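>>> have a look; sequence and predicted model below, questions after that.
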Amino acid sequence: MSVNQQAHAGLPYGQPQPGYQGYQQSGYGGQQMSGVHHSQYGAYNGPLPGYQQPAPPQGYFSSLGFPSKGSPVSLNSDTPTLAPNFIGTLRAPPTSGAPPPTSGASVPAGHPVYSQFGQGDVQNGVATSAVQMQRPSASQPFIPGTAPAPISQPATFRQYGPSPTSAQQLTNHMAGMQIGSSTSAPLPAGLGYGPPTSVPPASGNFTVTGSGLYTSYSSSQGPPPVTMTHGLPPTSLSQGLSLAQPAFSGPPLSAQHRPQAPGFLPPPCSTGIEPSSYPSATGAPRPSTMQGSQLSGQALTGLPTSQPNHVSSPPPHPSMSGPAMTGLQGPPPPTHPSQSGYQMQQNGSFGQVRGPQPNYGSAYPGTPNYGSQPAPPPPPKRLDPDSIPSPIQVIEDDRNNRGSEPFITGVRGQVPPLVTTNFLVKDQGNASPRYIRCTSYNIPCTSDMAKQSQVPLAAVIKPLATLPTDEAPPYLVDHGEPGPIRCNRCKAYMCPFMQFIEGGRRFQCCFCSCVTEVPPHYFQHLDHTGKRVDFYDRPELSLGSYEFLATVSYCKNNKFPNPPAFIFMIDVSYNAVKSGLVRLICEELKSLLDYLPREGNMEESAIRVGFVTYNKVLHFYNVKSSLAQPQMMVVSDVADMFVPLLDGFLVNVNESRTVIVSLLDQIPEMFADTRETETVFAPVIQAGMEALKAAECAGKLFIFHTSLPIAEAPGKLKNRDDRKLINTDKEKTLFQPQTSFYSNLAKDCVAQGCCVDLFLFPNQYLDVATLGVVPYQTGGTIYKYAYFQLETDQERFLNDLRKDVQKEVGFDAVMRVRTSTGIRATDFFGAFYMSNTTDVELAGLDCDKTITVEFRHDDKLSEDSGALLQCALLYTNCAGQRRLRIHNLSLNCCTQLADLYRNCETDTLINFLAKFAYRGVLNNPVKTVRDTLINQCAQILACYRKNCASPSSAGQLILPECMKLLPVYLNCVLKSDVLQPGAEVTTDDRAYIRQLVSSMDVAETNVFFYPRLLPLTKVDVDSDTLPAAIRNSEERLSKGDMYLLENGLNIFMWVGVNVQQGLIQNLFGVSSFNYISSTLNTLPVLENPFSKRVRSIIDMFQAQRSRYMKLIIVKQEDKLEMLFKHFLVEDKSMSGGASYVDFLCHMHKEIRQLLS
C-alpha cells in the first residue's frame, strides 16, 4: 500500500460488512441486495454509488467464466474475518458448541456437511497444547478431544513472543465494520515514511462486472457501502487455537479479538507490530502433524482492533453472546482522527472487553452490561497488514526450527525445510530436495480425492543441481560391460526400493511389481531382514541419487560420443561495434577460454572451440594451430547454409592459443568501420548446428545478437510489436513465435545435441518470443541487456558470460520419469523438446535448469506402499563420457484430505502454478489465465475449509498451516509482468520473463515473486548474520534507513532522505544524500567496516543466484523509485494489481462463493 495517498478508511474490496438484524442491508448505491449475485470481484474500490450490479445467470460463477455446480450467493451479508485457518462470515457463536452454519446457505446435495468435529478435528475453543509444534513429520500422534481452555493474554507488550501454533485466528472486526464510500481518514503518522497521506482505495484490481480485468477507481470513489450481520464475537476462536500459534506474524489473539470500550483508540505503532500484535513468531516451529486432530491452520478472523493502519475500532457490542443484535440503526458515526499521539499501551490494556469464548453461554466476566443501550455502528476499518500471514515470519521460523539439524532423507514422505533455509542434507535413500521438490509429500490415494482438493501433484526436478561443498556429489557406479541392472518390464533402474526375494536370486520391481532375475555377477546373499549384505557398499541400494556409467548401447549409433564443442558467434553489425560490445566480447574470451568446464581431475578441458562473426553474411575462421594467422571464409549464400571448412574450425584451446588470441585481437579492428546495420539470425544457428554435425559431436552455441533479423534470409522477421493487443483476445499472439521456422530448426538442433545460449543487446523491439524458441527448446538460456551501455552493463554481462561458459552442462540428454503403479507423469514444463509423451529431450541441460513434471492418477494408490518416482537422465558430460544420473523419491499416500494439506509445500506449488499460467498465456487470453489461477486456489482453500477445518463462522478465512502464504504468493504471480504488465513493460520483457520462469527452480521463483528486502542500518558489522528481512510494502520503509531488495535479476539499494550522513559517507564516500549518484552500479571500495559488510552481503546474494544481478541505486523521491516500488509486492501495483490485504479479502469471497 502506498503511504503517499489519501487514506481511505473503508474496508478493502469485497469485504462483507457487519450489519445488524433489523438494520437494512444496503447494496450498491443503497439498493437492497436481496438475491443479487456478487460479481466475480465484488466491491473492490467499487463502482460509483448508484451502480447496480448485474446478476450472473443461475449456475454461473463469474470467476470461472463457465457454468459450474452450485450457485454463488450474495456475499454481502458478512464481512470476512480472518482466522488462522480461514476467512469467511461472522456469525453469533453457538452457545452449545454445535457447529455454526457455514454461510446461511443450505448445503448442496453431494457436499459433505460439517460434522461437529470435522475430520479428526477438536472442538472450537483453544487447543490445550501451548507447545510449539514442529513441521508435520507425518508420524507424530496427536491426542484429540482435549478440553478447550479459555485464552488469557499476558499483560506485557510482546513484540516477539511464542508463535502461533495450531490455528491462527485473527477475529475480524470486519465484523464490526461498515464500508462507506464517503468516509476517509488519514493514516497514523507512526510509520515515519513520508507524510501520513493515504491508503489507496481498496484494490483497483477487479472490476465489478465480473470481468477479471482490474479497473482502478479514483480515490474519491470508495467501495460502496456493504453491511453485514454481526457474527462471532471477536474473541471466539474458530479453531482449537492455543496461544502459541503457528508461525505467523501479526497481532496476537487476545486483545485483538476484543471489542474496545468506547473512547479508546488503538495506539499507533511505528514498527508495524502492534502492541497486541501477533507474537512475531520467531522460533515457532511449523505445526506438527496431528493425526486424528484438526489440521493446524490459520484462522484469520477479521480485523484485529489495534493496528497501525486503522483509524478506530468498534465500540463494544451489547451482550455479545447469542444472536446478532437488533435495533441498531442510523448512520455510521464520523471517523475518528488519526491515532498518532496516543501512547503505546500494553497488551490487554486498551479497555477492550472480552467477548464470550466459544462454548461459554454468558458474556465474559467483566463485560460491562450495557443492557439495551443501542451502540452506534462501528466506524469504517481496514484489515491490518500485521494480522495476516507474513512470509518473513514463516521463513524466519523455518530457519530457526530446521536450519540447525541436517535433513536426513531416509524417511518416506517427509517435507523438507523451506528453500530459504540453509540446511545440510544427508542422503539415506531418497533424493535430496536440492534435486527434487514436490508440491505435496503425501498424495491422495484416489483421483477423486485429488480432484476434490485441486492441489496439483507435481515435482520440480533439477537433475544436475550444484551441491554445497559439504555435501558429496552423486557416486559413480560402473557395472562394466553389462551396464546398470534394470527391471525387465518397465526398465526402471536398480534403486533402494527394489525388493530382493528367493535368497537374493531375483528382485521384484517397486514400480511395476515384475520379478527379474539377478545377473550372476550382481548376486549377493540377504541378511536376516531381507536386505542384501552389501547394501551399504552399493550406492544404488542405499542412496537416493547416484550415477551409472553408461555402456555403448546407451549411445547414438552404438558409438561412444566425442567431447562436446563450444562455438562463439558474434554479431558484428553497426550497433554491436559502435556500442563497444564486439571489443568487450573479444577481450573477455581471451581469458575465459582458460576456464572451460572440465571433468573432475582432468588437467585441461576436452571441449573444442570455434568462432563465427556475422551481419548479413557469415564469416568462419580457421584457427588451426599450424597457421601463423587466422583465415577468414565468408558465406554469403545464407539461404543454403553450409560450413566452408572442417579442419581448423573446432580446435583445442591450448594447441591453437596464439592463433585464437590473434583472431580476437583482429575482429574489432576488421569491423571497426562497418556500416552494415542489418543482421540474419536463423542461418547463424544453422551454421553452428552443421559444424557440430560435421564434427560428430554435441555442443553449445554462444550467440551475441543485437537487432531484429530483417535481412533477406531464412527466419527473417518483421516488427509486429503492438501494445494495443494487451487485454484483448489477440494478446496471446505476442507470446507466440511469428513463424514456425524456428520450431523446426529447434527440432533439428535437438537431434544433433546442439544447445543454444543467446545473449541479446536490444535497443528496440527484437521479438524475443520468436528468437527465444531455439534456446528454449534446446535447453539453452537467454540473457537480455536492453539499451546496453559499456559503463553500466559491462560487469553484469561479463559475469553472466563467465558463469555460463563455466557451468556444468549435460549434452545430448534424455530424461524419463517413472512412477509406481497408480500415478503417471502427464505433463512437463521447462526448456526442452518432446517428440513423444514420455521422453524429455534436451540438447543441453545445465546445473540451474529444472524440469517440472505433473502427475495424475491412473489407478488407486495404497497408504501402505506409498508412491515412488524415479527420474533417469542420460547425458554426455563435458569430457564426452555418457552417464545416467538417477534420482529416487518415495512419497506417502493418504485417504484423509487433512494429511494432504498438512504435507504441502507452498513454494513448490507456486513454482508449478506460475509455470502453468505462463504456459497458458500462449493459447488463452491473459484474463482467462488469471481467473483460472484464482479459481483453482479458491477451490484448494475451500476444500480445506469444508473438509478439514473445525466448523466455524463463515466470516473467517481459514488457511491450512502449510498453505497460509498461498494467497500472498499467488497475488505476486497474478501481478507479475507477464500476467499484468504495467505501461513501461515491453512485449520483449514479457516474453523474456515468461521463458525465464519456465525453467526456474523453487528458490529462484520464491525470491523472484516475493523479493528479499533487508534494512541496512540494522546490519551488524561484526557478525556474519544478516539483519531480519522486512515485508515488501512501502509502509515498512523508514526514510532514515537504507534497504537492499533482491529478486534474482536485480539488486536495488533504496536510500531514504533522512539517512545519517555518517552512513552515507561510509557507504558512498560522499558527504550527503544529495551527492549520491543514481548511476552507480557498484559501491565504491571504502576501508570501513560498514562498507565492507554491505559489499559482502551483496556478494553473498550474487553467489546464491544463477545470474549476476545489476545493482541499482534508488534515492527516495527519485525517478527510479517507481521502478523500485514495483517490487514492493504487498502493495497495490501501478498496473492495477491488488494489494495483499485486498487480495486476501477477495480470495475469501471466492472461497465463500464456492462453499455456498
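Arrived safely, thanks for sending. Numbering: from 1, shown residues only.
>>> helices and strands around the helix or strand harbouring K1149, which ones?
With the criterion set as DSSP states H and E, the secondary-structure element containing K1149 is helix 1140-1155. On a contact count with 3 or more Cβ pairs under 8 Å, 6 or more residues apart in numbering; DSSP states H and E, helix 1140-1155 meets strand 80-89, helix 926-947, strand 955-960, helix 966-974. No exception for glycine: its C-beta is placed from N, CA and C like everyone else's.
>>> quick one: strands adjacent to the longest strand anywhere in the chain?
The residue-count maximum for a strand in the chain (DSSP state E) belongs to strand 882-894. Strand 882-894 sits in its sheet next to strand 442-444 (parallel), strand 545-549 (antiparallel), strand 867-876 (antiparallel), going by DSSP bridges.
>>> coming back round to it: can you list the helices and strands packed on helix 1140-1155 in JSON lines and add mean pLDDT and mean neighbour count?
What follows is those, written out as JSON lines (pLDDT from 0 to 100; neighbours: other Cβ atoms under 10 Å):
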{"stretch": "strand 80-89", "mean pLDDT": "42", "mean neighbour count": "37"}
{"stretch": "helix 926-947", "mean pLDDT": "96", "mean neighbour count": "23"}
{"stretch": "strand 955-960", "mean pLDDT": "90", "mean neighbour count": "36"}
{"stretch": "helix 966-974", "mean pLDDT": "97", "mean neighbour count": "26"}
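>>> could you dump these to TSV with distance to K732?
Supplementary listing: those in TSV, determined by distance: least, Cβ to Cβ, whole Å:
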stretch	distance to K732
strand 80-89	33
helix 926-947	8
strand 955-960	33
helix 966-974	17
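>>> among those, which comes closest to K1039?
Ranking the helices and strands packed on helix 1140-1155 by distance to K1039, with Cβ to Cβ as the measure, places helix 966-974 first at 25.4 Å.
>>> quick one: the helix or strand following the closest one to helix 966-974, angle?
Following helix 966-974 in sequence order, the next helix or strand is helix 987-998 (DSSP H and E). Compare the direction of helix 987-998 with that of helix 966-974 by axes from the mean of the first three to the mean of the last three Cα atoms, to 10 degrees and you get 140 degrees.
>>> contacts only, for I667.
Contacts for I667 (Cβ atoms under 8 Å, 6 or more residues apart in numbering) come out as I570, V572, V582, C586, T613.
>>> roughly how far does the first one sit from Y475?
What it means is I570. Computed as Cβ to Cβ, to the nearest Å, the I570 to Y475 distance reads 41 Å.
>>> circling back: between helix 966-974 and the helix holding K1149, find me the angle.
Our comparison of helix 1140-1155 with helix 966-974, counting by the same axes, to 10 degrees, yields an angle of 110 degrees.
>>> isn't S605 right next to G880, touching?
No: look at S605 against G880 with Cβ atoms under 8 Å: they stay out of range, at 10.9 Å.
>>> of those two, who's got more company?
Residue environment comparison for S605 versus G880 gives the larger neighbour count to S605, 23 against 17, counting by other Cβ atoms under 10 Å.
>>> A helix includes the more buried one, no?
No: going by DSSP: H, G, I helix; E, B strand; the rest coil, the assignment for S605 is coil, not a helix.
>>> what pLDDT does it get?
pLDDT for S605: 93.
>>> run through the residues that contact it.
Here S605 is in contact with L596, P597, R598, V653, C878 (criterion: Cβ under 8 Å, 6+ apart).
>>> mind checking how far the first one is from V809?
Summarising the geometry, the distance separating L596 from V809, computed by Cβ to Cβ, is 11 Å.
>>> what is the burial count for A879?
Summarising burial for A879: neighbours were counted as other Cβ under 10 Å, giving 16.
>>> same check on L874?
Number of residues near L874 (other Cβ under 10 Å) recorded here: 19.
>>> could you give the angle of the helix holding K1149 to strand 955-960?
Following the same axes, to 10 degrees, one obtains 90 degrees for the angle between helix 1140-1155 and strand 955-960.
>>> for Q666, which three-state class applies?
helix.
>>> point out where this structure drops to low pLDDT.
Residue ranges of the chain with pLDDT under 70: 1-381.
>>> that older thread, so which of the strands paired with strand 882-894 is the most surrounded?
Looking across the strands paired with strand 882-894 with neighbours counted as mean count of other Cβ atoms under 10 Å, the highest average goes to strand 442-444: a mean of 26.
>>> follow the chain on from that one and name the next helix or strand.
With elements assigned by DSSP H and E, the helix or strand that comes after strand 442-444 is helix 447-453.
>>> for the next helix or strand after that next one, packing partners?
Helices and strands here follow DSSP H and E; after helix 447-453, the next one along the chain is strand 458-461. With contacts defined as 3+ Cβ pairs under 8 Å, 6+ apart, the secondary structure elements packing on strand 458-461 are strand 436-438, strand 809-819, strand 851-857, strand 867-876, helix 906-920.
>>> tabulate the ones you listed (CSV), appending distance to R402.
Conversion of these to CSV gives the following (distance: least, Cβ to Cβ, whole Å):
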stretch, distance to R402
strand 436-438, 15
strand 809-819, 27
strand 851-857, 24
strand 867-876, 23
helix 906-920, 14
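>>> report the contact partners of the nearest residue to N903 once chain neighbours are set aside.
For N903, ignoring the flanking residues on the chain, the nearest one in space by Cβ to Cβ, 6 or more residues apart in numbering is N442 at 3.8 Å. The neighbourhood of N442, defined by Cβ under 8 Å, 6+ apart, consists of A138, G413, L891, N892, C893, C894, D899, L900, R902, N903.
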